[in-house]
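Enquirer: The following comprises the amino acid sequence and a computationally predicted model.
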Amino acid sequence: MSDASDDAACVARCLKGDTAAFEPLVTRYQRALFTVALRLTANREDARDATQNAFIRAFERLDTFDPSRRFFSWLYRIAVNESLNLRRTQKPHDPIDPSMGLVARATADPVERAELSARVQAALMQLTFDQREVIVLRHFAEMSYEEIGDALSLPEKTVKSRLFAARQRLGPLLT
């Protein structure tokens, strides 16, 4: 059974009163949502809150889910909105959490990893939200162009264009 059909089955069971059927959805998507929230909020606690709030909101509004669409795309939009809500409550000059594990696999030295992680996160935060969003989905959530387009309600060509612009802007920021 594919994830999409399994997701739809879980949602259907939840809507019939089997609340335990929501657990596989949480298990399947919590890491991806946390990763997205972390990149958008730049704060682990806010990312945890955004992820938890997204699952709560999704559960409360399961009856609004359109089964002809991908569940993850619907859930992703909720998570982005929760992340944005938390970002709005932050001070604009809050420091970026240097302990974030961005690109941690690039080097074995923990000090170098921490420095690289901080540089990557600082560069990401200088992108526009639209640029950051596509970079995070493509490179951190490892979504395809089609999946990103579905999640953001954008044509695949627009996704590619935004990714190109974001990468062009990231290059100088990281050198």
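Expert: Looks like it came in fine. Numbering: from 1, shown residues only.

Enquirer: and the residue nearest the centre of the chain, what is it in contact with?
Expert: Centroid-nearest residue in the chain, with CA atoms, centre = their mean: residue 36, separated by 2.1 Å. When contacts are counted by CB atoms under 8 Å, 6 or more residues apart in numbering, residue 36 is found next to 76, 79-80, 83, 136-137, 140-141. Placement of C-beta: from N, CA and C, glycine included.

Enquirer: 6 Å instead?
Expert: Remark: with contacts taken as CB atoms under 6 Å, 6 or more residues apart in numbering, residue 36 is in contact with 79, 136, 141.

Enquirer: Backbone dihedrals for it, please?
Expert: The phi/psi pair for residue 36 (degrees, to the nearest 10) reads phi -60, psi -50.

Enquirer: where are the low-confidence patches of the chain?
Expert: Across the chain, the ranges flagged by pLDDT under 70 are 1-2, 90-108.

Enquirer: Mind doing that once more with 50?
Expert: Low-confidence segments of the chain, defined by pLDDT under 50, are located at 91-105.

Enquirer: So which residues of it form helices?
Expert: When secondary structure is read from DSSP state H, the chain shows helices at 3-15, 23-41, 44-60, 71-89, 110-126, 129-135, 145-152, 156-174.

Enquirer: And residue 59, how far from residue 77?
Expert: Distance of residue 59 to residue 77, given as CB to CB, to the nearest Å: 15 Å.

Enquirer: can you check residue 5 too?
Expert: Remark: distance between residue 5 and residue 77 (CB to CB) = 21 Å.

Enquirer: which one of those two has more residues nearby?
Expert: Between residue 5 and residue 77, counting by other CB atoms under 10 Å, residue 77 is the more crowded of the two (15 against 10).
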